[in-house]
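**Q** Turn this into a structure:
(chains A and B)
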Amino acid sequence: MELISPTEFAKETVQTVEDYSLLAGQSIANLFRHPRYFADMLQQADLIGVGSLPIVVLTGFFTGAVLALNSSTTLQRFGSLSLLGQLVSVGMVRELGPVLTGLMVAGRNSSGMASELGSMVVTEQIDAMRALGTDPAKKLITPRVVSTVFMLFFLTIISDLLGLFGGGAVARALLGMDWHQYWSTAWQALTFQDVFMGLVKPLLFGFIISTVGCYYGISARGGTQGVGRATTQAVVASSVFILLVDFFATKFLMAIFGYH
Amino acid sequence: MAAPPSAILERVPSEPQAAGKVIVFENVSIAFEDKPVLNGISFCLPKGESKAIFGVAGSGKSTILKLALGLLKPDSGHIYVLGEDVTQMSEDALFEIRRKVGIVFQESALFDSLTVRENVAFRLLEEGDISDDEIEKRVREALSFVELENTVDKFPAELSGGMRRRVAIARAIITQPEVLLYDSPTGGLDPVTSTTIVQLIVKQRDVYKTSSLLVTHRLQDAFIMATHYFDRKANEMRPLPPGTRSEVPMAFLILRDGKVIFDGDAHELAQSKDEYIREYIS
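**A** The predicted structure follows:
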C-alpha cells in the first residue's frame, strides 16, 4: 500500500470537501437555471422511488415487527404492554423509519449513481456530453438530487406506515393485544414535533444519498477498478454521513422543540 | 497535366475570410501531476484546412483536442477557437462555442443507454426548439452520410467498433459544425474499416469544407487524406491527379517532448531532414 504524507492527506481531504461542496451547491443552484430536465427527473423518480419500494416495504414492516417484539418483554415486566403502540409509532416515525429507509436507499441508489456516472466518466461520455454543449451537472446530477429528495420523503412515510402495521401484526398475532387499542395508542402518541422530525430527516438524507453518489461517480478515475472503488466509497460515505447527520439533526430539532 | 478536380479548385482560398484561422494555440503549456505534457506549443488551423497531429503515446495529442474544446484548461498560454479565447471563458460560455465544434472521441463515447437515433439527435434534442419531424430528417441525413441509416433503433452495444465510430461522426456533424476534431478515429480498426472512416473524413472536408484537427497514430491515414479527394458525382474517394497535391488543404503537425517539431504539408514532411521525423515517417 502506498504511504501518503500527512500534508498530502490534509490537502486531498480539503480538496475533496471543497469539490463535494461545490457539486452539492451547484445541484441546488441548477434548479433556478435553464434548462431544467423534468423528463429526466421523472425517470429518476421512477428508478429511485418505485424501484426502491419493495426493499422499503420489507424493511419498514419487519423493523416495526421486531421493535414490537423486543419492546413487549420489557413493557410486560412493568405491566405496560398497552403502551406498545405508542413506543412503535414514536420509534418508527421519529427515528427508525427515516434512518433505515435512508440506509436502504443509500445502499441501492448511491451505489447505482456512482457506478453509472463513474462508467460514463471512464468511457468519456461525460466529456462527450460537455462537448455536445450540455452541462452534466444540470442533466445528470440535479435530476438525481431532486428525485431522491422527493421520493425518499414518500418512501419514508410508506416505511413508517408499514412499520406500524408490522408492530400491529405482532401485537395482535403474537401478544394477543386488541388491534383497536394498539392503533389508538399509536396514533394518539404522535405529536406534530415527532412527525416534523421524522419528515425533515428524509429530505436531508435524500440530499446526502444523491450528492455523495454523484460526487463519487463523477470523480471516478482509473477504469473499471476505479468505478468499483467509487461505488463502494459512495455507499460507505453516504451511510456514515446519514448516521452523523441524523444525530446532529435530532439534537438540533430537539433543542428547537424544547425536548429534554 | 490533368486539370484539378472541381472539388479541389473550390478549396483554394479566394477571400480574405478564407485566410482566417479557426483554431490558434499560443504558447500553450499543460502538466498532469507535475509532469509536463505540452510545453509552450503554438500552431494554427486555417479555415477549411485539415491538420493531422502525430506523436508517440502520451505526447499530448488528445490533450490538444480537449484543450481546444475547453474540456481542459491550460496552465499557461491562450487558445482561440473561432476567434474566442476559450482559456478565459466560463463553462456556460464554452457551451456556446462547443455548439459550433464537433468531436469524435477515441472510443466513440456514444451514450450507451441511448439508441443510435437518440445519440445522433442528442444535440438537437438538447436545443429543444426543433420539431420531431425536422430532427428525424436530420438524423436520417447524418446517418445516410455515414451509410448507417438502418441502425437508428439499435443501441451502441449492438454495433461493431467501426459502426460506432461512424455513428460518432454522424453525431458530430449533425449540426454542421465549423470545426471537427477527430481523436484517433481509426484506432483499433481493421484496414478496410479504417479506409471507410478516412473516406468519411475526406468527404466532410471536401463536400462541406469543414476545418478539422485529426489525431492519429496511423501515418497512412493522413497520407491518404493528403493524396485523395472526394468525388461527389461518383460518391467515393479518389486519388488526386498528378501535380494537384499541394492544393489539398491538408497539413501535418508532429509533437515531441511537449513541443511542436514539425508543422507543414505532406511535401515539406517528405523533404524534412530531421532525423526523428525521417524515422517517424519511414
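**Q** Write out the residues of chain A neighbouring chain B.
**A** Chain A comes close to chain B at residues A:35, A:123-125, A:127-135, as judged by C-beta under 8 Å from any C-beta of the partner chain. For glycine as for every other residue, the C-beta is placed from the backbone atoms N, C-alpha and C.
**Q** I'd like those residues as a markdown table, with distance to B:L125 appended.
**A** Converted to a markdown table, the residues of chain A next to chain B look like this (distance: C-beta to C-beta, whole Å):
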| residue | distance to B:L125 |
| --- | --- |
| A:P35 | 11 |
| A:T123 | 20 |
| A:E124 | 20 |
| A:Q125 | 16 |
| A:D127 | 19 |
| A:A128 | 14 |
| A:M129 | 12 |
| A:R130 | 16 |
| A:A131 | 15 |
| A:L132 | 10 |
| A:G133 | 11 |
| A:T134 | 10 |
| A:D135 | 15 |
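**Q** Just the buried ones among those residues, please.
**A** For the residues of chain A next to chain B, a burial check counting by 16 or more other C-beta atoms under 10 Å in any protein chain shown picks out A:123-125, A:127-135.
**Q** Inside helices: which ones of those residues?
**A** Among these, DSSP state H puts A:125, A:127-131 in helices.
**Q** Let me have these in CSV, adding distance to B:P185 and pLDDT as columns.
**A** Formatted as CSV, these follow (distance: C-beta to C-beta, whole Å; pLDDT from 0 to 100):
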residue, distance to B:P185, pLDDT
A:Q125, 17, 95
A:D127, 16, 93
A:A128, 14, 94
A:M129, 19, 94
A:R130, 19, 92
A:A131, 15, 92
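**Q** quick one: which of those residues is nearest B:L189?
**A** For those, the closest approach to B:L189 (C-beta to C-beta) belongs to A:A128, at 19.0 Å.
**Q** Centroid-nearest residue for chain A?
**A** A:G102 (2.4 Å; C-alpha atoms, centre = their mean).
**Q** Kindly report the residues of the stretch 51-200 of chain B close to chain A.
**A** Going by C-beta under 8 Å from any C-beta, the residues of the stretch 51-200 of chain B near chain A are B:66, B:69, B:71, B:91-92, B:95-96, B:98-99, B:101, B:103, B:105-107, B:109-112, B:122-123, B:126, B:128, B:171.
**Q** Can you select the buried ones among those residues for me in PyMOL?
**A** The PyMOL selection below is limited to those of those classed as buried (16+ other C-beta under 10 Å):
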select buried, chain B and resi 66+69+71+95+98+99+101+103+105+106+107+109+110+111+122+123+126+171
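**Q** Of the residues of the stretch 51-200 of chain B next to chain A, which belong to helices?
**A** B:66, B:91-92, B:95-96, B:98, B:122-123, B:126, B:171.
**Q** Which two of those have the greatest separation?
**A** Largest separation among those by C-beta to C-beta: B:D92 and B:R171, giving 22.2 Å.
**Q** What ranges does the stretch 151-282 of chain B have for its strands?
**A** Per DSSP state E, counting those that start in this stretch, the stretch 151-282 of chain B carries strands over the ranges B:179-183, B:211-215, B:228-231, B:236-239, B:250-256, B:259-264.
**Q** what sits up against stretch A:249-260?
**A** When contacts are defined by C-beta atoms under 8 Å, 6 or more residues apart in numbering or on different chains, stretch A:249-260 is touched by residues A:95, A:193, A:196-197, A:200-201, A:204.
**Q** repeat for stretch A:113-123
**A** Outside stretch A:113-123, the residues that touch it by C-beta under 8 Å, 6+ apart are A:125-126, A:129, A:140, A:144, A:210, A:213-214, A:216-224, A:226-228, A:230-231, A:233-235, B:107, B:109, B:112.
**Q** Buried ones in the longest helix along chain B, by neighbour count?
**A** Determined from DSSP H, the single longest helix within chain B is helix B:191-208. Going by neighbour count (16+ other C-beta under 10 Å), the buried part of helix B:191-208 is B:193-206.
**Q** Kindly report the same for stretch A:37-53.
**A** A:37, A:40-41, A:44-45, A:47-49, A:51-52.
**Q** Dump the contacts of stretch A:249-260 into a markdown table; add secondary structure and pLDDT as well.
**A** Shown next, in a markdown table, are those (DSSP: H, G, I helix; E, B strand; the rest coil; pLDDT from 0 to 100):
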| residue | secondary structure | pLDDT |
| --- | --- | --- |
| A:E95 | helix | 93 |
| A:Q193 | helix | 91 |
| A:F196 | helix | 94 |
| A:M197 | helix | 93 |
| A:V200 | helix | 96 |
| A:K201 | helix | 96 |
| A:L204 | helix | 97 |
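**Q** And the lowest mean pLDDT element among the helices and strands of chain A?
**A** Least confident helix or strand of chain A, by mean pLDDT, DSSP states H and E, is helix A:179-189 with a mean of 90.
**Q** which of the residues in that one are buried?
**A** A:182-183, A:185-186, A:189.
**Q** A:L253 in helix, strand or coil?
**A** helix (DSSP: H, G, I helix; E, B strand; the rest coil).
**Q** count of residues packed around it?
**A** Neighbour count of A:L253, defined by other C-beta atoms under 10 Å in any protein chain shown: 17.
**Q** Please apply the same query to A:I209.
**A** 33.
**Q** so what's it up against?
**A** A:102, A:105-106, A:109-110, A:148, A:152, A:238, A:242.
**Q** list the buried ones in the helix or strand harbouring it?
**A** Using DSSP states H and E, the element containing A:I209 is helix A:192-218. For helix A:192-218, burial by neighbour count (16+ other C-beta under 10 Å) applies to A:194, A:197-218.
**Q** Equivalent analysis for stretch A:222-241, please.
**A** A:226-227, A:229-231, A:233-235, A:237-239, A:241.
**Q** Which one of those residues is nearest to chain B?
**A** If you rank those by distance to chain B using C-beta to the nearest C-beta, A:V227 comes first, at 13.4 Å.
**Q** Identify the farthest-apart pair in the contacts of stretch A:249-260.
**A** Spanning the widest gap among the contacts of stretch A:249-260 are A:Q193 and A:L204, at 16.7 Å by C-beta to C-beta.
**Q** separation between A:F247 and A:F62?
**A** Relative to A:F62, A:F247 is positioned 24 Å away (C-beta to C-beta, to the nearest Å).
**Q** Which one's more surrounded, these two?
**A** A:F62 (14 against 9).
**Q** part of a strand, is that one?
**A** No. Judged by three-state DSSP, A:F62 forms no part of a strand; its state is helix.
**Q** can you pull the pLDDT of the nearest residue to it once chain neighbours are set aside?
**A** Take A:F62 and drop its neighbours on the chain: the residue closest to it by C-beta to C-beta, 6 or more residues apart in numbering or on different chains is A:G166, 6.0 Å away. The per-residue pLDDT reported for A:G166 equals 95.
**Q** OK, contacts around the residue of chain B found nearest chain A?
**A** Nearest residue of chain B to chain A, counting by C-beta to the nearest C-beta: B:A109, 3.9 Å away. Residues in contact with B:A109 (C-beta under 8 Å, 6+ apart) are A:123-125, A:127-128, B:168.
**Q** ok, so of those, who is nearest A:V57?
**A** Within the contacts of B:A109, the smallest distance to A:V57 is 34.0 Å, found for A:Q125 (C-beta to C-beta).
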